[in-house]
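Colleague: Okay, here's the prediction I keep looking at, along with the sequence it came from:
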Amino acid sequence: MKLLFWLSTCLVVYAYFGYPFVLWALTKLRSRNVLKEEIFPRVSIIIAARNEAEKIRGKIEHTLALDYPDERLDILVASDASDDGTDEIVQEYVGRGVRLVRAPERKGKEHVQGLAVVVAKGDILVFTDTATILDPDALRRLMANFADPTVGAVSTEDVIVDALGNPTAEGLYVRYEMWVRRLEGRFHSLVGLSGSCFAIRKELCSDWSPVLASDFMGALRAARKGYRSIADPSALGRFVALVSTQAEMRRKIRTFLRGITVLMANLDLLNPLRYGRFALQLASHKLLRFIAPFLLLATLTTSGLLSGEPLYGVIFWAQAAFYLLACAGGVPGSLRRSRVVRTAYFFTMVQWAMLTAWTKYAVGQQQVTWEPSKRQGINQVAPSSQDSELRA
């Protein structure tokens, strides 16, 4: 029982703290830089949409305003059988170079993205959604990374704020994730791209899957072809956190189920003899994170059973206190304003969502169809005061 306790505890600590520290230490010894140069490849921006009539106009206007040569830009709205007037709004922009790619039947985000990939004219494909706000120079910044021939995909960095532009509990967690991604890029490669916005060489999309999450698969495709994926901290993708905790939980369950499905379909990439550093990163960042809820349960259970010994008793009650704080974060009241409480709540919610996702995966469920989270639209939130800090 003690062996199980220490094994599960060490793996959890490594997954969330040890792995970033190892990356930090190794990048201090040797860091892989990215050769950046201002280039203007032909770019196709693919905007996935499902019943986004309220936000699609703002997203198109925002995309048309990006600082990039018009003649090098191809804008496609990939509509997943929208039936709320989204397609009619897109058709209004045909004269300004916007094309509509419509799936006649609702088959999911990746399916309609695949339809857009087939007709895209760009050498670089940029995938985004209607809720993401990009800075005017973000596209230029993303493209500069493709001057490096080793780079196959580039991700923006996520910034999650509330309606007033302030960081949220999720936002703090996301900032931690973005920090880890930066370290991964300096060490070797990202193991997953941001679903809100990422760019990838079109040649890496020839084996497009209509059911597997495109952001996760993008990094895996790049690794299989000998490329690496990176995050550009100067290119920010900003969006508003969901207000409803129930909606946020449903979104996370969908996200984790999709991620687990992708990982289980690509287990060969965990072979270090063939994929070297990428295999280590995939195991550390994805595999251990996905099984973290089981490790945390093992740690809690074994420390409880061993709590007759002082060391294990202290550890058990420390965990119990943490989860009580997390429960307090789910109850309306003054405690929810505490950053510590909100962070404990969000971390625990993530673990519960992963457990639920594993349950769904175990019974054979797949998350193929797609209903975008109802976040505030592109014109409903001002740029956050945190942006300059995040760039730094």
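Modeller: Done, it's in. Since this is a predicted model, take the numbers as computed values, not measurements.
Colleague: Show me where the stretch 201-350 of the chain dips below the pLDDT cut-off.
Modeller: Within the stretch 201-350 of the chain, the ranges that satisfy pLDDT under 70 run 240-244, 332-336.
Colleague: my read: Ser284 touches Phe21, true?
Modeller: No - applying CB atoms under 8 Å, one finds Ser284 not in contact with Phe21, separated by 11.3 Å. In short, each C-beta sits where N, CA and C put it, glycine included.
Colleague: Distance from the chain centre to the biggest strand by length in the chain, please.
Modeller: Using DSSP state E, we find that the single longest strand of the chain is strand 228-240. Here strand 228-240 shows a centroid-to-chain-centroid distance of 10 Å under the convention CA atoms, centre = their mean, to the nearest Å.
Colleague: Pull up the pairing partners for it, direction included.
Modeller: Using DSSP bridges, strand 228-240 pairs in its sheet with strand 133-134 (antiparallel), strand 151-161 (parallel).
Colleague: What lies in contact with stretch 340-357?
Modeller: With contacts defined as CB atoms under 8 Å, 6 or more residues apart in numbering, stretch 340-357 is touched by 168-170, 172-173, 245, 248-249, 252-253, 255-257, 259-260, 289-290, 292-294, 296, 322-323, 325-330, 335-336.
Colleague: picking that back up, so what does the helix or strand following the longest strand of the chain touch, helix or strand wise?
Modeller: Next helix or strand after strand 228-240 toward the C-terminus (DSSP states H and E): helix 245-265. The elements that helix 245-265 packs onto, with contact taken as 3 or more CB pairs under 8 Å, 6 or more residues apart in numbering; DSSP states H and E, are helix 214-224, helix 288-305, helix 339-362.
Colleague: How about Leu257, nearest residue that isn't a chain neighbour?
Modeller: For Leu257, ignoring the flanking residues on the chain, the nearest one in space by CB to CB, 6 or more residues apart in numbering is Ala357 at 4.1 Å.
Colleague: Give me the neighbour count for that neighbour.
Modeller: Ala357 has 24 neighbouring residues, counting by other CB atoms under 10 Å.
Colleague: Quick check: pLDDT value at it.
Modeller: Looking at Ala357, its pLDDT is 95.
Colleague: next one: the one 3 residues further on
Modeller: Note on Lys360: pLDDT of 94.
Colleague: Quick check: the gap between it and Glu203.
Modeller: In this structure, Lys360 and Glu203 are 34 Å apart, going by CB to CB, to the nearest Å.
Colleague: The two: who's more crowded?
Modeller: The residue with more neighbours, out of Lys360 and Glu203, is Lys360; 18 against 13, by other CB under 10 Å.
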